[in-house]
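**Student:** Need coordinates for the below:
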Amino acid sequence: MLSPADSPLLVEAATLITPKIVDMGALMFGQRLGWSIKEMWVNVMEAGGHQAVHNHANSFVSGIVYLTALHPDSRTVFMKSSGSTEFVFKNEHANIAPTPFNADKWIGPAPLPGDLVLFPSYVLHAVPPNQGGQRITLSFNAIPGELNAWGYSIRFSV
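**Tutor:** All right, here's what the predicted structure looks like:
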């Protein structure tokens, strides 16, 4: 695990990424808050490698920066948790277009090198077996400086 302060390149990456995290946080919490990237890491996946289903329970926003091109079948897969509190009645049939709001499982967009995907840290995700060449990504977790629920506030620090 790396901190953005561990490298000038990570500082530069965090500087470019943080405004996008602020935008995502505003969608999630309804307010533009101060955010910090608490940890970053590089994933290097060789052909045949995969990543098991997991989430990032120790943060609020997680993200992936794709550093290399990847095989279309090796895109990140996102899944709803089996214990969700969503509507039980669904509009589900062959003529609908799956989206993150109506699907139990969806495949992330086809990224190009340099693309960023942000998601709430509680979302389950995985990488199927890599069908292409080396797949390299920069991943990270972020936390807001503070959350306030009707006067009960909590402050986070990195």
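**Student:** quick one: strands adjacent to the helix-or-strand element of the chain with minimal mean pLDDT?
**Tutor:** Ranked by mean pLDDT, DSSP states H and E, the weakest helix or strand in the chain is strand 105-107, scoring a mean of 87. Sheet neighbours of strand 105-107, with direction, are listed as strand 77-79 (antiparallel) (DSSP bridges).
**Student:** hmm, back to that, by contact count, what packs against the helix or strand following the least confident helix or strand of the chain?
**Tutor:** Next in sequence after strand 105-107, counting helices and strands by DSSP states H and E, comes strand 116-120. Strand 116-120 makes packing contacts with helix 8-29, strand 61-66 when contacts are defined by 3 or more C-beta pairs under 8 Å, 6 or more residues apart in numbering; DSSP states H and E. C-beta coordinates here come from the backbone N, C-alpha and C atoms, glycine included.
**Student:** Looks like L70 contacts R135 (just checking).
**Tutor:** Yes: look at L70 against R135 with C-beta atoms under 8 Å: they come within range, at 4.9 Å.
**Student:** what's the overlap in contacts for the two?
**Tutor:** Common neighbours of L70 and R135, using C-beta atoms under 8 Å, 6 or more residues apart in numbering, do not exist here.
**Student:** what stretches of the chain score poorly on pLDDT?
**Tutor:** 84-91, 101 (pLDDT under 70).
**Student:** ok, 90 please
**Tutor:** 1-5, 57-58, 80-109, 149-154, 156-158 (pLDDT under 90).
**Student:** In TSV: the helices and strands packed on strand 116-120, plus distance to S82 and mean neighbour count.
**Tutor:** As requested, those are exported to TSV (distance: least, C-beta to C-beta, whole Å; neighbours: other C-beta atoms under 10 Å):
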stretch	distance to S82	mean neighbour count
helix 8-29	22	15
strand 61-66	20	22
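**Student:** That concludes my questions; thank you for your assistance.
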